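Enquirer: using only what follows, build the 3D model:
(chains A and B)
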2 protein chains.
Amino acid sequence: MKFSQMLSSCWEKNDSLLCIGLDPTPARFPEKFKTSSRPIFDFCAEIIDATADLVCAFKPQIAYFSSSSAEQELIDIIDWIHTNHPGIPVILDAKRGDIGSTAAHYAKEVFERFKADCVTLSPYMGKDSVEPYLEYVEKGEFVLCRTSNKGGDDFQMLDIGGVPLYIKVAEKVAEWDINGQMGLVIGATYPEELKKARATVPELTFLVPGIGAQGGDINAAVKAGMNKDKTGLVINSSRAILYASKEADFAEKARAEALRTRDAINKARG
Amino acid sequence: MKFSQMLSSCWEKNDSLLCIGLDPTPARFPEKFKTSSRPIFDFCAEIIDATADLVCAFKPQIAYFSSSSAEQELIDIIDWIHTNHPGIPVILDAKRGDIGSTAAHYAKEVFERFKADCVTLSPYMGKDSVEPYLEYVEKGEFVLCRTSNKGGDDFQMLDIGGVPLYIKVAEKVAEWDINGQMGLVIGATYPEELKKARATVPELTFLVPGIGAQGGDINAAVKAGMNKDKTGLVINSSRAILYASKEADFAEKARAEALRTRDAINKARG
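Expert: Here you go, the predicted model:
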């Protein structure tokens, strides 16, 4: 199934715009994983099983796996989601960006090796650096637009004849997206900019990190970023959910935090 | 040893600004590697041994390894360079760019897992997305500035009050580089822009892809980009050298092409 259809169907079925980011840091896992031979996989699988009916997507961050030489655990966790929770899309957060011949290899890695449904990309190298991903017509791509970190201002807010760079990126992505595959990454920490981007590209879906541990305000972000159907958003929370508790009740507490977050998002949608 | 010192010492010792990019594509390997259990490693090791006295650096492109699940071969090839050709720096071409907490994991992957001496980064997310790499004070970082591909124009040439975005990136990188670790990626396909960047940041080293298969003119690129000492450049060629022949003489032909390229660069330096 197409990524965009999987996402729409989860928005509806789970009544949720919440995406849980899988940023596994073994030092923050509960005690019992210390004896596991595959702690990253085991921890993520428990989180996924405890929260799958509350989300519209899961978003593993590849650096948390590759820094621990855990590629096989990443493959297995994506397979776990597809097998045990069919229909929930997996967004591999990798922020790739390279010339076409190299991008084709990254696309192969993301979509064929890891079998993700969607990937995050960097816009800096322009159109031909995203095209190889678009050839996988079932898959999705979120392109960095206005990021949630402090340094996001350094270039994204530069003024291009009265328009900030991130809006130029939004416009270009909408132009490149001939097949309904693409969206934008826009941080919850900047609701004003979510609003401007929504006005610029009413039809694109936004992946919105920055709530939870990064401090973005859910209500402001949702009101600023949702589309006319009160969807169009994939709102990510990682650490606040994954590490809601370090005790034996971690999965239960993760579910409670996911439920609270989903409901806060839904309240803001109205 | 510091990356910057390794590089300076190879510029001098091998009288070379040439970097060989390791973009291994098994379909393009000579026949004999068809029976190898580790064709990527075996092919790259032969290329390295045939050319190591002609280069200032090797630059493996990580996507060519990860798309083939060849992380261990990447570790082994970097170790091969460090063990058999000590002093030659390895630049891992990965173009990473993410928020600080994630960037710390990418930095760990690049410098601790793969043990590269230097990495390529994307500037789009700003200062805090590069800082975790700078904490490895011995290591180097080349930040994308003006890239050699066609789509490089899409954003890099946008006008910011009379100055193109790539020059703003060059200025910021020079400002961030408090410890002499950083450089810029600027394509050989744009000698005019190499010249402008050199005038803007006289002290930074440029990693220059785009000669060879990508068609950039060596003479124009070197004249435009070199610093006052006639160095300051790491000029990359990948496919033109790796695949100079598909026959049994591939290593010999790779050496001949590397020699020809090094000498053409040196002729341009004057």
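
Enquirer: check whether the host helix or strand of A:Leu194 comes near chain B.
Expert: Here A:Leu194, judged by DSSP states H and E, is contained in helix A:191-200. No. Figure legend: helix A:191-200 not in contact with chain B (Cβ under 8 Å from any Cβ of the partner chain); closest approach 14.5 Å. All C-beta spots, glycine's among them, are computed from the backbone N, C-alpha and C.

Enquirer: again, but for stretch A:158-178
Expert: Yes. With Cβ under 8 Å from any Cβ as the criterion, chain B is reached by stretch A:158-178 at A:Leu158, A:Asp159, A:Ile160, A:Gly161, A:Leu165, A:Lys168, A:Val169, A:Lys172.

Enquirer: and the pLDDT at the residue lying closest to A:Asp42 once chain neighbours are set aside?
Expert: Excluding the flanking residues, the one nearest A:Asp42 by Cβ to Cβ, 6 or more residues apart in numbering or on different chains is A:Ser36, at 4.8 Å. Reading off the confidence values, A:Ser36 has pLDDT 96.

Enquirer: number of nearby residues for A:Ser36?
Expert: Residues contacting A:Ser36 under the criterion other Cβ atoms under 10 Å in any protein chain shown number 13.

Enquirer: any idea how far it is from B:Tyr133?
Expert: Counting by Cβ to Cβ, to the nearest Å, the gap from A:Ser36 to B:Tyr133 is 30 Å.

Enquirer: same check, this time on A:Lys195
Expert: Applying Cβ to Cβ to A:Lys195 and B:Tyr133 gives a distance of 33 Å.

Enquirer: ok, A:Leu144 touching A:Ser122?
Expert: Yes. Under the criterion of Cβ atoms under 8 Å, A:Leu144 makes contact with A:Ser122 at 5.2 Å.

Enquirer: what residues are shared contacts of these two?
Expert: Common contact partners of A:Leu144 and A:Ser122 (Cβ atoms under 8 Å, 6 or more residues apart in numbering or on different chains): A:Lys95, B:Gly97, B:Tyr124.

Enquirer: OK, contacts around the residue nearest to the last one when sequence neighbours are not counted?
Expert: Closest residue to B:Tyr124 in three dimensions, ignoring its sequence neighbours and counting by Cβ to Cβ, 6+ apart: A:Tyr124, at 4.8 Å. Contacts here follow Cβ under 8 Å, 6+ apart; on that basis A:Tyr124 touches A:Gly97, B:Gly97, B:Ser122, B:Pro123, B:Tyr124, B:Leu144, B:Thr147, B:Phe155, B:Gln156.

Enquirer: try it again at 10 Å.
Expert: Residues near A:Tyr124 by Cβ atoms under 10 Å, 6 or more residues apart in numbering or on different chains: A:97-98, A:144, A:155, A:169, B:95, B:97, B:122-125, B:143-145, B:147, B:151-152, B:154-156, B:165-166, B:169.

Enquirer: from these, which ones fall inside strands?
Expert: Using DSSP state E, A:Leu144, B:Lys95, B:Val143, B:Leu144, B:Cys145 are the members of the contacts of A:Tyr124 that sit in strands.

Enquirer: and the closest residue to the last one other than its chain neighbours, how far from chain A?
Expert: Nearest residue to B:Cys145 in three dimensions, chain neighbours excluded: B:Leu184, at 4.0 Å (Cβ to Cβ, 6+ apart). If you measure B:Leu184 against chain A using Cβ to the nearest Cβ, to the nearest Å, the figure is 13 Å.

Enquirer: and the host helix or strand of B:Leu184, which strands flank it?
Expert: Using DSSP H and E, B:Leu184 sits within strand B:182-186. Sheet pairing of strand B:182-186 (DSSP bridges) gives strand B:140-146 (parallel), strand B:205-208 (parallel).

Enquirer: which one of the ones you listed lies nearest to A:Gly232?
Expert: Proximity to A:Gly232 (Cβ to Cβ) singles out strand B:140-146 among the strands paired with strand B:182-186, at 30.1 Å.

Enquirer: who's in contact with A:Asn227?
Expert: If you count contacts by Cβ under 10 Å, 6+ apart, A:Asn227 has them with A:Arg198, A:Val201, A:Pro202, A:Glu203, A:Leu204, A:Thr205, A:Phe206, A:Leu233.

Enquirer: mind giving me the PyMOL command for buried ones among the residues you listed?
Expert: Provided next is the PyMOL selection string for whichever of the contacts of A:Asn227 are buried by 16 or more other Cβ atoms under 10 Å in any protein chain shown:
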select buried, chain A and resi 198+201+204+205+206+233
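
Enquirer: with distance to A:Ala70 and pLDDT added, can I get the contacts of A:Asn227 in JSON lines?
Expert: Shown next, in JSON lines, are these (distance: Cβ to Cβ, whole Å; pLDDT from 0 to 100):
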{"residue": "A:Arg198", "distance to A:Ala70": "36", "pLDDT": "98"}
{"residue": "A:Val201", "distance to A:Ala70": "35", "pLDDT": "98"}
{"residue": "A:Pro202", "distance to A:Ala70": "39", "pLDDT": "98"}
{"residue": "A:Glu203", "distance to A:Ala70": "37", "pLDDT": "97"}
{"residue": "A:Leu204", "distance to A:Ala70": "32", "pLDDT": "98"}
{"residue": "A:Thr205", "distance to A:Ala70": "29", "pLDDT": "98"}
{"residue": "A:Phe206", "distance to A:Ala70": "29", "pLDDT": "98"}
{"residue": "A:Leu233", "distance to A:Ala70": "29", "pLDDT": "98"}
